[in-house]
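Student: sequence? don't have it. structure:
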């Protein structure tokens with residue numbers, strides 16, 4: 001089997017989409033699948049046995065850390081020379097849309113998976129007309145794919161309601177050994193708490209961007225005594241957030257990866273996630289695997305993983321009062337310990353190998369012209 005994966009973002013950038021892409025490549029390599037990755041050219045040549053076809057790119061004017069890949073003729077020639085049996089588009093919008101079109105030209109099946117609600121993002125940033133254009137374009141891309149995959153039940157329902165056909169469910173998972181309560185470190189806790197490890201540590205991990213709505217955490221700190229916030233990650237909104245939280249117990253811990261990220265998770269108490277929209281939100285499962293109850297807006301995979309009052313709590317987007325109530329449920333020691341155990345148990349049911357096996361079975365079924373198992 002030869003698979004070409006088209007993605008709008010790849011290493012060395014670090015985000016949820018890149019994490020899913022690298023895990024997919026590692027799993028396919030274990031199955032001896034030959035893979036080519038088509039992504040914006042940022043210097044990567046190979047990963048997990050896959051060749052990386054770097055597309056010429058320009059800086060994203062809206063998000064400077066990102067790159068916009070250009071599907072120039074040179075990219076088409078290299079994909080054609082690779083002779084894929086199947087194309088997997090990690091969201092049909094730019095390079096991903098090129099993947100859908102290349103599939104038609106090469107007469108091979110195309111699987112498109114949902115990774116970023118770009119239409120909603122455009123509307124959120126005050127461009128509703130662009131949002132509608134993107135929504136229609138993405139719908140066309142999905143409907144001209146052989147099969148589509150949603151990351152959560154909520155997104156699956158939204159895709160179907162938007163007129164996208166043949167939508168399966170490719171769930172998200174977590175490495176429950178990489179993220180584990182055993183990585184709790186009192187030294188790390190003292191560091192990220194600014195020398196106040198006795199406080200109840202609220203943790204956020206992810207991009208510091210406007211759509212994450214981290215400003216909504218300010219009233220939590222103001223209304224629940226003894227709470228302290230730790231923000232792990234970076235992004236274009238950091239300076240604005242530093243000004244917004246000035247004078248409050250907030251630590252900007254910067255980017256962390258590997259063992260350092262695992263220790264940050266496990267050394268905190270409660271994970272908070274007020275984002276306006278998500279495709280899934282891998283960080284929720286990483287937090288749960290680390291033994292943290294999760295308080296999240298009802299976005300992405302929240303519906304799939306939250307047991308209200310047991311392993312966390314969810315609230316309607318922008319309902320700050322419900323966010324505060326959710327945190328308040330778990331600040332007491334007994335509730336926190338119970339939530340920790342329940343969160344870990346939930347994460348153990350979402351192991352990546354099982355979920356990647358489902359994707360591989362989907363590839364095989366689509367190539368055989370059979371109904372997908374997911």
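Tutor: Noted; the coordinates are in hand. Just so it is clear, the structure is predicted and the values come from calculations on it, not from any experiment. Numbers count the residues shown, from 1 in each chain.
Student: all contacts plus neighbour counts: C-alpha atoms, from now on.
Tutor: Will do.
Student: what lines up beside the helix or strand residue 38 falls within in the sheet?
Tutor: Mapping residue 38 onto the secondary structure by DSSP states H and E places it in strand 34-40. Each strand that pairs with strand 34-40, with its direction, by DSSP bridges: strand 2-7 (parallel), strand 50-55 (parallel).
Student: and the last one, what's its mean pLDDT?
Tutor: When the per-residue pLDDT values of strand 50-55 are averaged, the result is 98.
Student: again, but for the first one
Tutor: Strand 2-7 shows a mean pLDDT of 98 in the predicted model.
Student: Just checking: what are the partner strands of the helix or strand following the strand holding residue 38?
Tutor: The helix or strand immediately downstream of strand 34-40 is strand 46-47, counting by DSSP H and E. For strand 46-47, sheet partners with direction are given as strand 50-55 (antiparallel), following DSSP bridges.
Student: Okay, helices next: where are they in the stretch 201-350 of the chain?
Tutor: Applying DSSP state H, counting those that start in this stretch to the stretch 201-350 of the chain gives helices spanning 218-223, 238-244, 258-266, 282-289, 302-305, 320-329, 333-347.
Student: Now mean pLDDT, distance to residue 362 and mean neighbour count too, for those helices, in CSV please.
Tutor: What follows is the helices of the stretch 201-350 of the chain, written out as CSV (pLDDT from 0 to 100; distance: least, C-alpha to C-alpha, whole Å; neighbours: other C-alpha atoms under 10 Å):
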stretch, mean pLDDT, distance to residue 362, mean neighbour count
helix 218-223, 98, 43, 16
helix 238-244, 97, 40, 14
helix 258-266, 97, 30, 21
helix 282-289, 96, 21, 28
helix 302-305, 94, 21, 18
helix 320-329, 98, 38, 19
helix 333-347, 97, 23, 19
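Student: Compare these and give me the one nearest residue 162.
Tutor: Go through the helices of the stretch 201-350 of the chain one by one with C-alpha to C-alpha and the one that ends up closest to residue 162 is helix 302-305, at 19.2 Å.
Student: And the contacts of the closest one?
Tutor: The list of residues contacting helix 302-305 from outside it, by C-alpha atoms under 8 Å, 6 or more residues apart in numbering, reads 152-154, 280-281, 284-285, 296, 314, 346.
Student: Could you identify which of those residues has the most neighbours?
Tutor: Neighbours here are counted as other C-alpha atoms under 10 Å. On that basis the top member of these is residue 285, with 31 neighbours.
Student: Quick check: the gap between that one and residue 345.
Tutor: When C-alpha to C-alpha, to the nearest Å is the yardstick, residue 285 and residue 345 sit 11 Å from each other.
Student: go on, residue 88?
Tutor: Using C-alpha to C-alpha, which is the criterion applied here, residue 88 is 32 Å from residue 345.
Student: helices or strands up against the one helix or strand residue 123 maps to?
Tutor: Residue 123 is part of helix 118-124, with elements assigned from DSSP H and E. Using 3 or more C-alpha pairs under 8 Å, 6 or more residues apart in numbering; DSSP states H and E, the elements in contact with helix 118-124 are helix 128-143.
Student: in the helix it packs on, what's buried?
Tutor: Judged by neighbour count (16 or more other C-alpha atoms under 10 Å), helix 128-143 contains these buried residues: 131, 134-135, 137-143.
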